[in-house]
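Student: one predicted model, sequence on top.
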There are 2 protein chains.
Amino acid sequence: MCRETILVTGGTGFIGRPLTEALVKSGYDVHVISSKGTPILGATVHEFDLLGESSADELLGAIQASLLVHLAWFVQPGQVWNTAENLRWVGASLELLLAFASQGGRRAVLAGSCSEYGPWGGVCNEATTPIAPSNLYGVSKAALGSMAIASAEHIGLAVAWARIFSAYGPREHPSRLVSSLAKHLLLGEEAPCSTGHQKRDYLSTEDIAGALLALLESDVKGPVNVGSGEPLELKDLIALTAEIAGRPDLVRLGAVTPPPDDPPVLVADVGRLREEVGWQPSVPLREGLERTVECWRDHLAAK
Amino acid sequence: MCRETILVTGGTGFIGRPLTEALVKSGYDVHVISSKGTPILGATVHEFDLLGESSADELLGAIQASLLVHLAWFVQPGQVWNTAENLRWVGASLELLLAFASQGGRRAVLAGSCSEYGPWGGVCNEATTPIAPSNLYGVSKAALGSMAIASAEHIGLAVAWARIFSAYGPREHPSRLVSSLAKHLLLGEEAPCSTGHQKRDYLSTEDIAGALLALLESDVKGPVNVGSGEPLELKDLIALTAEIAGRPDLVRLGAVTPPPDDPPVLVADVGRLREEVGWQPSVPLREGLERTVECWRDHLAAK
C-alpha cells in the first residue's frame, strides 16, 4: 500500500486537530508542524516554529509531502485583528508555500477567512463579493490568498483557498463566543453579550475539518467559502448554548457593544462548496454545541 | 547641523540612483542598501542581500534611519511578471518594514506599480479604480501595499505607497521600450514595435526621483500615483525617440503583438500628487529622451 504524504501546519490546533485525526483515519501519511509539539496518535508531529530563524526548507525536504494544509497563524482572539504578527505570518506562509512547491508539492489548501470580505458582509460569494477587509488580519489573509492563487501555476501547484467562516468546537480558546459563554455559565457567572442581532455562519470544527478534507481531495482551485450557508442569529446561538449549559438566566443580551466594523450579516454562499467540492455539513448545531459545552464541563471539573 | 537619516533600498538602481543623488543634494544622511554595492558619492552604501539568510534587523539597528524609501525588487523585464521572486520580495519587504518600524522608523515610502490596476487600466484613481492585477508582479505589489498601509498605524509608521507608472531614463535595462529602441537604432538595426496605439504615462527617472522626494517630505499617507497625468501614445514616444536617435526609417510599427492583457490606456490620475503632495514634473519629454539616447550613444561608443 502506498499512502500519500500530507503536511498539516497548525495541525494540533482548534481546527487542525480534528483535521489531522480525519486525515489519519482516511489513511494518509500525516506529518504535522506544530510550535507546541503536542503528539497526535497516528501522525508524525514535528516541533518547528515557522516564524523562527531556521528555514522550513530542510524539514520539508525530509518530509517530501505532496499535499499541504496550511492552518498555522497567530490565533490570540482580540489581539489577532491588528497585530503585526499577521505580517510575519504572511512572510512565513509564502516561504512555506515556495519550499513545499520545490520539495515535491502537488496540491495545497490554505486557510483564508470570512474577514477578507470586510464590514459590508452579507451573503458572501467568492467571485462577486468585494474583498474589502477592515482590519490587518483580513488584509493579510486576503493578500496571502491573492498571491497564493496567482502564483500557483507558476510554481507548479494546485492551490485552494478556504475562506473559513465562524467556528466552534471542543478545545476552543476561552475568549471565543461559544466557549466564553459556556465557561461563564458553567461557573455560575453572568455572561455579558451583544444584542445578538448579527447573523453569522457557524460550523463545528469537526465539520470544518470534513470540508477541508473534501476540498483537499477535490480538484477545485481558488477561493472556496467554508461555511454552513445557514444564517444564524447570534441570540439564537447564545440561547441554545445557555439552554445546554443549564443557565439561560445568566445571559445578559445588550450588555456589550459590538465593534463599529462588525457586519450585521456575514454568511457564506456555499455554492462552490456544495456543487463543486460536493460537501455538506453533518453535525447538527445542538449536537456540536453539546460536545463543546461538555468539553468545558470536563475541563472545569478536572481543575 | 543635524541631518535626518534615510535608508534607500535599491538605491543604486534605475530609479534609486537619481533618488539617492537628490537626497544627498538635499542634505540627508543617506544610507543605501544594494545587493551590488556600487558606490555613490555622498551616500553610505551597504552591500546587503534583502533576500539572503541574514536578517536586516542588525543592519537597520546600526543605521537607525527615521526615513525609508523601499525600491528594491526583482527587476528583470519580461521575467518579472510571473516569477516566484515576487513572493520572496513581499516577504523581504514585510521583514524590512517591521525592522525599520522597530528601529526608530518614522515615515516610509514604498514603491508600488501601475500594474496593480490591472488590464482594464484607463485613467487610474487611487480611491476609485479597482485593484485587479492580471500578473503575479501586480498581485504581489498590491498585496504588499495593502498590508503596508493597513499595518502602518499599528506599527507606528506613516506609510505612503507610490504607484509608479511608466519610466524611462539613463541606465535603463536594455530590454525596456525606450532603451531597446535607442540601442537598436543607434546600432543601425531594425526596431520591431507594436502598433503603438496604447496610451501610457511616462516620467523620466529624474522626475520620478523628484516625486518620491516630495512625497517623502509631505505627510501624505496611503496610495499615491506617480505619473505625469499626460496620456502619451506609444507611437509618439517611439517616433520622438527615433527622431532623436536619427533613424526613424528603422522603426517597424506593428511588427510585435502586445500581450492580451496589455491595457489600451494606463494613465495616472495625478490629483493627489499635484494637490496633496504639491509636485509636478519638470523634465520635458524631448529633453529626457535626449539624455537617455545620449547615455546609450556613450555606452555603445565606449565598447
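Tutor: It's in.

Student: am I right that A:V123 sits in a helix?
Tutor: No: under DSSP: H, G, I helix; E, B strand; the rest coil, A:V123 sits outside any helix and is assigned strand.

Student: which non-adjacent residue is nearest it?
Tutor: Spatially, and ignoring its direct neighbours in sequence, A:V123 is nearest to A:V267 (4.9 Å; C-beta to C-beta, 6 or more residues apart in numbering or on different chains). C-betas here are computed from N, CA, C, even on glycine.

Student: spit out the contact partners of that neighbour.
Tutor: Going by C-beta atoms under 8 Å, 6 or more residues apart in numbering or on different chains, A:V267 touches A:G121, A:G122, A:V123, A:C124, A:F165, A:K199, A:R200, A:D201, A:G227, A:G229, A:E230, A:P231.

Student: give me the pLDDT for the second one.
Tutor: This means A:G122. The model reports A:G122 with a pLDDT of 95.

Student: so in terms of bridging, what pairs with the closest residue in space to it that isn't next to it in sequence?
Tutor: The spatial neighbour of A:G122 that comes closest, neighbours along the chain excluded (C-beta to C-beta, 6+ apart), is A:V265 at 5.4 Å. Beta-bridge partners for A:V265, by DSSP bridges, are A:K199.

Student: count of neighbours near A:V265?
Tutor: Residues near A:V265, counting by other C-beta atoms under 10 Å in any protein chain shown, number 16.

Student: next one: stretch A:32-46 to chain centre, how far?
Tutor: 18 Å (C-alpha atoms, centre = their mean, to the nearest Å).

Student: let me see the mean pLDDT of that stretch.
Tutor: Regarding stretch A:32-46, the rounded mean pLDDT is 91.

Student: show residues contacting that stretch.
Tutor: The contact list for stretch A:32-46, computed with C-beta under 8 Å, 6+ apart, reads A:7-13, A:16-17, A:20-21, A:23-24, A:29-31, A:47-50, A:56, A:59, A:63, A:72.

Student: can you select the buried ones from those in PyMOL?
Tutor: To isolate the buried ones among those in PyMOL, judged by 16 or more other C-beta atoms under 10 Å in any protein chain shown, type:
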select buried, chain A and resi 7+8+9+10+11+12+13+16+17+20+21+23+24+29+30+31+48+50+56+59+63+72
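
Student: the contacts of stretch A:32-46 in strands, which ones?
Tutor: Under the assignment DSSP state E, those contribute A:L7, A:V8, A:T9, A:D29, A:V30, A:H31, A:E47 to strands.

Student: nearest to chain B among the residues you listed?
Tutor: Nearest to chain B, judged by C-beta to the nearest C-beta, of the ones in strands among the contacts of stretch A:32-46 is A:T9 at 16.1 Å.

Student: touching, that closest one and A:I63? I think so.
Tutor: No: between A:T9 and A:I63 there is no contact under C-beta atoms under 8 Å: 11.3 Å.

Student: quick one: the helices in chain A?
Tutor: Assigned helices in chain A, in chain order: A:16-25, A:57-63, A:85-102, A:136-151, A:177-186, A:205-217, A:234-245, A:271, A:285-302 (criterion: DSSP state H).

Student: of those helices, which approaches A:T128 most closely?
Tutor: helix A:271 (10.8 Å; C-beta to C-beta).

Student: hmm, who's touching the closest one?
Tutor: Residues from elsewhere that reach helix A:271 (C-beta under 8 Å, 6+ apart): A:N125.

Student: tell me how far it lies from the chain's centre.
Tutor: Counting by C-alpha atoms, centre = their mean, helix A:271 is centred 19 Å from the centre of its parent chain.

Student: let me know the pLDDT of A:M1.
Tutor: pLDDT for A:M1: 55.

Student: go on, the one 3 residues further on?
Tutor: Reported pLDDT at A:E4 in the predicted model: 96.

Student: burial of it, as a residue count?
Tutor: Residues lying near A:E4 (other C-beta under 10 Å) number 16.

Student: can you get me the start-to-end distance on stretch A:105-116?
Tutor: Using C-alpha to C-alpha, to the nearest Å, the span of stretch A:105-116 from its first residue to its last is 26 Å.

Student: next one: stretch A:148-161
Tutor: Note: stretch A:148-161 ends 8 Å apart using C-alpha to C-alpha.

Student: just stretch A:162-169 next, same as before
Tutor: End-to-end distance for stretch A:162-169, by C-alpha to C-alpha: 18 Å.

Student: tell me which residues of it are tucked away?
Tutor: For stretch A:162-169, by 16+ other C-beta under 10 Å, it's A:A162, A:R163, A:I164, A:F165, A:S166, A:A167, A:Y168, A:G169.
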